[in-house]
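# my questions concern the predicted model and sequence given below.
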Amino acid sequence: MGRVTEATTTPSTGAHTGAGAPGDPDLEPVDVQAEGARIAGAMGTVVQGKPDVVRLALVVLLAEGHLLIEDVPGVGKTTLAKAMAKAVDSTVRRIQFTPDLLPSDVTGVAVFDQETRTFEFRPGAVFANLVVADEINRASPKTQSALLECMEERQVTVDGVTYELARPFMVLATQNPLEMEGTYPLPEAQRDRFTARVSMGYPDRDAELAMLDDRGTRDPLGSLTPVADAALVRRMVAGTARLHVADPLRRYVVALVEATRRSPDLRLGASPRAGLQLLRAARAAAALDGRDHVVPDDVQAMAVPVLAHRLLLTPDAALARRSTERVVADVLTAVPVPRTR
């Protein structure tokens, strides 16, 4: 049966910024750009030569979303997920997805207690702040679907009883390409719940040489010290959500989403959820750049990673070797960019 493991982290040593404010501590001001840079720097000591990948992972975290990391084996997909999990001092669970993994292993199960003559709920692996779903497409579609409710609604329902999940809650799932042996395609409903998809790609020569030197004698994850915790991340998320988005930019996001639905190359365009996630990701990108408002460049930078994995090509487009990334790029070219100032 698939393995479910729990990781432990040491107490955070990072200093939190922002003056204290009365009321909800999660709403206290925080310098999102500075704290984001600290987390990115910590992750960069492990995931070398991939600053864009690390940044996208941070964008998804601040957007309260989930990240799908897709690529061939051995390029650091699980390392990226573990690096974020350790940089943020919070509860972490790892699930190794296998064909015999059961939905109850993921969500939990109600077990009958002989002494009390009642059912006791035993939480599954999703009851954590960061859930690392390793090789998610090696489990059956039934088990994959066990994540649908928790990814969208931040809750789990077992035997008619609903259990809330902790905040922040993020699924970092790794996936091998479908042509690899022993993989199952993710259901469309689950792909749509991932805020963004990223491909690791091979490292450049210098980064690979450095990796050969460094990892021959030590494990960089072992020396990674947490620089944030769950409370700080909640404050960063709250600060990101308050960023201003002008009305023309909102209309621009809707226009991009609608354009995918009209594309002759697609048989399934972007959903309304995709537009919502695109706006959230654009806010997070703006916050990491130190701005208090979103600009069109933020939306354009996030469009491909947020939209491409949700789209389905027509048979003709697939035969012509079109890609969903290329279709999104064409949409960005076709839809007029608004003037926000």
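That came through, no problem.

# quick one, phi psi at the residue lying farthest from the centre of the chain?
Farthest-out residue of the chain from its mean C-alpha position, per CA atoms, centre = their mean: Glu115, at 41.7 Å. Phi and psi for Glu115, reported as degrees, to the nearest 10, are phi -80, psi -50.

# how close does it get to Ser104?
Noted for Glu115: a distance of 22 Å to Ser104, by CB to CB, to the nearest Å. Every residue, glycine included, has its C-beta placed from N, CA and C.

# following the worst-scoring helix or strand of the chain on mean pLDDT, which helix or strand shows up next?
Least confident helix or strand, the chain: strand 4-7 with a mean of 46, by mean pLDDT, DSSP states H and E. Downstream of strand 4-7, the first helix or strand assigned by DSSP states H and E is helix 32-44.

# helix or strand right after that following helix?
By DSSP H and E, the next helix or strand past helix 32-44 is helix 51-62.

# buried stuff in that following helix?
53-62 (16 or more other CB atoms under 10 Å).

# mind checking the end-to-end distance for stretch 167-187?
25 Å (CA to CA, to the nearest Å).

# dihedrals phi and psi, the residue nearest the centre of the chain?
Taking CA atoms, centre = their mean as the criterion, Leu67 is the residue nearest the geometric centre of the chain, at 2.2 Å. Backbone torsions of Leu67, given as degrees, to the nearest 10, read phi -120, psi 130.

# check contacts around it.
Shown in contact with Leu67 (CB atoms under 8 Å, 6 or more residues apart in numbering): 56-57, 60, 81, 170-173, 194-198.

# do that again at 7 Å, thanks
57, 60, 172, 194-196, 198 (CB atoms under 7 Å, 6 or more residues apart in numbering).

# most widely separated two among the residues you listed?
Ala57 and Phe194 (12.3 Å; CB to CB).

# mean confidence score for stretch 295-304?
When pLDDT is averaged over stretch 295-304, the result is 96.

# only C-alpha atoms, please: export that stretch in PDB.
The C-alpha trace of stretch 295-304 is given here as PDB (Å, rounded to 0.1, in the frame of the first residue of the first chain):
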ATOM      1  CA  VAL A 295      -0.500  45.300 -13.700                       C
ATOM      2  CA  PRO A 296      -1.100  43.500 -17.100                       C
ATOM      3  CA  ASP A 297       2.400  42.000 -17.000                       C
ATOM      4  CA  ASP A 298       1.400  40.100 -13.900                       C
ATOM      5  CA  VAL A 299      -1.600  38.500 -15.600                       C
ATOM      6  CA  GLN A 300       0.500  37.700 -18.800                       C
ATOM      7  CA  ALA A 301       3.300  36.200 -16.800                       C
ATOM      8  CA  MET A 302       0.900  33.800 -15.000                       C
ATOM      9  CA  ALA A 303      -1.400  33.000 -17.900                       C
ATOM     10  CA  VAL A 304       0.600  30.000 -19.300                       C
END
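
# follow-up on the earlier one: can you list the contacts of Leu67 in TSV and add secondary structure?
Output for these, formatted as TSV (DSSP: H, G, I helix; E, B strand; the rest coil):
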residue	secondary structure
Ala57	helix
Val60	helix
Leu172	strand
Phe194	coil
Thr195	coil
Ala196	strand
Val198	strand
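
# quick check, nearest of those residues to Asp330?
So of the contacts of Leu67, ranked by how close each gets to Asp330 (CB to CB), first place is Ala196, at 19.4 Å.

# is it true that that closest one touches Leu56?
Yes. Ala196 is in contact with Leu56 according to CB atoms under 7 Å; the separation is 6.0 Å.

# overlap of the contact sets of the two?
Residues touching both Ala196 and Leu56 by CB under 7 Å, 6+ apart: Pro305.

# what does stretch 319-327 contact?
263, 265-266, 304, 308, 311, 313.

# where does the residue nearest to Ala230 when sequence neighbours are not counted land on pLDDT?
Closest residue to Ala230 apart from its sequence neighbours, by CB to CB, 6 or more residues apart in numbering: Ser90 at 4.0 Å. In the predicted model, Ser90 carries a pLDDT score of 85.

# quick one, helices of the stretch 51-200 of the chain?
Here the stretch 51-200 of the chain has its helices, by DSSP state H, counting those that start in this stretch, at 51-62, 77-87, 103-107, 141-144, 148-153, 188-191.

# so which of the ones you listed is nearest Glu135?
Here helix 77-87 is closest among these (CB to CB), at 8.5 Å.

# give the other helices and strands that the closest one contacts.
helix 32-44, helix 51-62, strand 67-70, strand 130-134, strand 170-175 (3 or more CB pairs under 7 Å, 6 or more residues apart in numbering; DSSP states H and E).

# give me that answer again for 8 Å
strand 4-7, helix 32-44, helix 51-62, strand 67-70, strand 92-96, strand 130-134, strand 170-175 (3 or more CB pairs under 8 Å, 6 or more residues apart in numbering; DSSP states H and E).

# mind putting those in CSV, distance to Thr225 included?
Formatted as CSV, the helices and strands packed on helix 77-87 follow (distance: least, CB to CB, whole Å):
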stretch, distance to Thr225
strand 4-7, 14
helix 32-44, 7
helix 51-62, 16
strand 67-70, 22
strand 92-96, 15
strand 130-134, 16
strand 170-175, 20
